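Engineer: Here is a sequence with its predicted model. Questions after.
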Amino acid sequence: MTGSAPPILELKGITKKFGSVVANDRVDFDVAAGEVHALLGENGAGKSTLMSVLYGLYTPDEGEILVDGRPVEIHSPRTAIDAGIGMVHQHFMLVRVMTVAENIVLGQEPSRWGRLDLKAARARVHELSDRYGLAVDPDARIEDITVGAEQRVEILKALYRNARILVLDEPTAVLTAQEVRELTGVLNRLKRDGAAIVFISHKLREVLDVADRITVLRRGKRVASVPRAGATEQSLARLVVGRDVVLSAAKRHGTPAEPLLAVADLHVGDERRLEKVSGVSLTVRSGEIVAIAGVDGNGQRELVDAITGMRAPASGRVRVDGREIAGQGVRAATEAGIAHIAEDRHLRGLVLPFTLAENLALREYRSPQCSARGWMRLAHLRERAGRLLSEFDVRGGGPDSYAAALSGGNQQKVAVAREIASNPKVLVAHQPTRGLDVGAIEFVHGRLIEERDKGRAILLVSLEYEEVRALADRILVIYEGRIVGEFSPDVSEEELGMAMTGGQVSRSEAVV
């Protein structure tokens, strides 16, 4: 706790079991007013379960929750809100066709003469946004605003309900660097106003930037609570994983060979037919990692969709090892040798109601090993899934477990395992480490380098400066749908950042 301030929230001896799996094992945790207490741990360590207990989504098997020193029973999110607890989930829970103001007041709408008082709702939103620096347009529809603005709406929803304890689950996972800095300013203002903030993250540098205290969970147990002073990324990584972790991927110089992916003069529109990719040309060679760096929303998604067959381009060419696939769909891209680690594991990476064995077979189910005469070879699927789950260290379930039952990070590992195991010529990795803990990031980075060294062509699309510079052999910067420059991995963060925001002419033209 900061100074001698008493805790506003205490969790004592929280235990939560799912069958034989102990997700939380007698965990203690507390946070004081005006404090940011970070919660770290591997994927599946029990962080989300602990916060779900706090927010009334789960009932603990043992332990108690105290608010202002008094025991409280939290049976639902409604009782959590009544106790002054607000939660911003990693996957935002907003009604996309409604406005910002309507989302914020939903369920607690101000009324006048029995009707929704939109004027009062807008006024309250303006008051809160001005107070905490959470800039939003009350009349904008959620479907038309940025991801960073969506997060601000979620925070405002909690503050509108008078939350004094705010839980932020992976709050920076989908934010740009500028939005992360803005969020840090918001957290500082909330602290000054006396809010107690629980900050769940895998990003060690950000934890060290914002937290006053840091608690680490490992396999459901609390292993340490340390002050920020004196903590380092390396010391925190060791606590999280239980061993020393290589924080920067070690790779030797690649030996690129023939081009495997060739994109020429590609033009792609979005769902509204507005052009988002404007004449992009690039090549990725065998034994090479080419990274696309840019601020989110500059055409990365549409470019990946066109390359992987999920979206037909307006014009241009996409060739895999000389075979034209532009506009021919996902099956043509897959058969040509493209694998795709999707940006959104829930929407595109996995089928959540399917088992892990079924998800891991989604690219292979037509093969003779997986099916015969229209029937799936279930024993083979389970055996293959068991090997991949072990190889990629997927925790929290077996071949017959449903994908929905896993933590987000372990779901991501399943998606990565399936794509790499398909033995592709070209691997398109779109935010491959989003939501992963430091140990899993180390593993995935190592596998991507290993796949490069096997001769695969890898197109990496990432919003993380460090990831781009650590993995790439070449870095292409995309800005407003165009490749505006090419850089080597030793480019400075400042130089790369300027190019990403359109502030600098590239040092060299992109190699096509």
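Structural biologist: Now that the structure is in, tell me what you want to look at.
Engineer: Phi, psi for Arg366 please.
Structural biologist: When quoted as degrees, to the nearest 10, the phi and psi of Arg366 stand at phi -80, psi -10.
Engineer: what sits against Ala140?
Structural biologist: Counting by CB atoms under 8 Å, 6 or more residues apart in numbering, Ala140 touches 99-100, 149. In short, each C-beta sits where N, CA and C put it, glycine included.
Engineer: any idea which of those residues is closest to Gly398?
Structural biologist: Ranked by distance to Gly398 (CB to CB), these are led by Ala149 at 39.9 Å.
Engineer: related to what we said a few turns ago, now the contacts of Ala140 in TSV, please, with extra columns for secondary structure.
Structural biologist: Formatted as TSV, these follow (DSSP: H, G, I helix; E, B strand; the rest coil):
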residue	secondary structure
Thr99	strand
Val100	helix
Ala149	helix
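Engineer: which one of those sits closest to Gly455?
Structural biologist: Relative to Gly455, the closest of those is Ala149; by CB to CB it sits at 42.4 Å.
Engineer: residue contacts, that closest one?
Structural biologist: Contacts of Ala149 by CB under 8 Å, 6+ apart are 100, 135-136, 140.
Engineer: for Val290, same thing?
Structural biologist: Residues near Val290 by CB under 8 Å, 6+ apart: 282-284, 457-460, 472-476.
Engineer: Please identify, among the contacts of Ala149, the one with the most neighbours.
Structural biologist: Val100 (27 neighbours; other CB atoms under 10 Å).
Engineer: So it versus Ile165, what's the distance?
Structural biologist: Separation of Val100 from Ile165 (CB to CB, to the nearest Å): 23 Å.
Engineer: which stretches of the stretch 201-350 of the chain form strands?
Structural biologist: Secondary structure of the stretch 201-350 of the chain (DSSP state E, counting those that start in this stretch): strands at 213-218, 221-227, 259-269, 275-285, 288-293, 315-320, 323-324, 338-341.
Engineer: Ok, which of these comes nearest Arg122?
Structural biologist: Using CB to CB, the nearest of the strands of the stretch 201-350 of the chain to Arg122 is strand 275-285, at 31.4 Å.
Engineer: Walk me through which strands that closest one pairs with, and which way each runs.
Structural biologist: Each strand paired with strand 275-285, and its direction, by DSSP bridges: strand 259-269 (antiparallel).
Engineer: Mind listing what's buried along the partner strand?
Structural biologist: 259-263, 266-269 (16 or more other CB atoms under 10 Å).
Engineer: same thing with stretch 394-414?
Structural biologist: 394-397, 399, 401, 403, 406-414.
Engineer: Out of those, which comes closest to Ile65?
Structural biologist: Ile65 has its nearest neighbour among these in Ser407, at 21.9 Å by CB to CB.
Engineer: residue contacts, that closest one?
Structural biologist: Residues counted as contacts of Ser407 (CB under 8 Å, 6+ apart) are 43-44, 48, 395-396.
Engineer: Same check on Ala405?
Structural biologist: Shown in contact with Ala405 (CB under 8 Å, 6+ apart): 396-397.
Engineer: And the pLDDT for it?
Structural biologist: Ala405 carries a pLDDT value of 89.
Engineer: Check the gap between it and Pro77 for me.
Structural biologist: Taking CB to CB as the measure, Ala405 falls 20 Å from Pro77.
Engineer: Note down every partner strand of the helix or strand harbouring Ile483 and its orientation.
Structural biologist: Per DSSP states H and E: Ile483 is located in strand 482-487. The pairing partners recorded for strand 482-487 under DSSP bridges are strand 474-479 (antiparallel).
Engineer: Surely Leu116 is in contact with Glu109?
Structural biologist: Yes. Between Leu116 and Glu109 there is a contact under CB atoms under 8 Å: 5.1 Å.
Engineer: ok, now how distant is the residue of the chain most remote from its centre from Val125?
Structural biologist: In the chain, Trp113 marks the outermost C-alpha relative to the chain mean, sitting 43.5 Å out by CA atoms, centre = their mean. As judged by CB to CB, Trp113 and Val125 stand 21 Å apart.
Engineer: Repeat that for Val330.
Structural biologist: Distance of Val330 to Val125, given as CB to CB: 41 Å.
Engineer: quick one: which of those two has more around it?
Structural biologist: Using other CB under 10 Å as the criterion, Val330 and Val125 rank with Val125 on top: 25 against 15.
Engineer: nearest spatial neighbour of that one, skipping sequence neighbours?
Structural biologist: Pro138 (4.5 Å; CB to CB, 6 or more residues apart in numbering).
Engineer: Mind pulling up the pLDDT for the one you found?
Structural biologist: 89.
Engineer: right, and it touches Lys119 too?
Structural biologist: No. Counting by CB under 8 Å, Lys119 is not a contact partner of Pro138; they are 10.2 Å apart.
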